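> this one's structure only:
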Ligand SMILES: [Zn+2]
């Protein structure tokens, strides 16, 4: 089979369509998933959706993030996916975003310490 043989519309037409209830259930399950422990310092909430992580040595440096602007990203779903697959994919995508968010902040803090507080 090559790409010319693949009928995308027919394929999509055979996928089960998740109902609103499936999507709401998946969202509830994602919200109930345990939070990822990040070891990040406590942020300040400085203005609409912006969180600020200050230098632990109080030198005035800070790193800001706007988590609400992050794109949710693609969900990886098997062919013929079920509402459980959808819930798991939403939870997995949320965990990936959460870990990436934490790693970005930890890296910013590490970079700041390397530059401004070497050896601390
Ligand atoms: Zn500092």
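Yep, that arrived. These numbers were taken from a predicted model, which means no experiment stands behind them.
> Show residues contacting the host helix or strand of residue 25.
Taking DSSP states H and E as the criterion, residue 25 maps to helix 20-32. Under the contact criterion C-beta atoms under 8 Å, 6 or more residues apart in numbering, helix 20-32 has outside partners 18, 83, 86-87, 90-91, 94. Using the backbone N, CA and C atoms, a C-beta is placed for each residue, glycine as well.
> Keep only those of the residues you listed that are in helices.
With DSSP state H as the criterion, helices contain 83, 86-87, 90-91, 94 from among the contacts of helix 20-32.
> Nearest to residue 13 among those?
Nearest to residue 13 among these: residue 86, at 18.1 Å, using C-beta to C-beta.
> most centrally placed residue in this protein?
residue 97 (1.9 Å; C-alpha atoms, centre = their mean).
> which phi and psi does the closest residue to it other than its chain neighbours have?
Among residues not flanking residue 97 along the chain, residue 70 sits closest, at 6.1 Å (C-beta to C-beta, 6 or more residues apart in numbering). Per-residue torsions, residue 70: phi -70, psi 140 (degrees, to the nearest 10).
> can you check residue 68 too?
Per degrees, to the nearest 10, the backbone of residue 68 is at phi -70, psi -20.
> Now do the contacts for the closest residue to it other than its chain neighbours.
Nearest residue to residue 68, sequence neighbours excluded (C-beta to C-beta, 6+ apart): residue 49, at 4.0 Å. Residue 49 makes contacts with 66-69, as judged by C-beta under 8 Å, 6+ apart.
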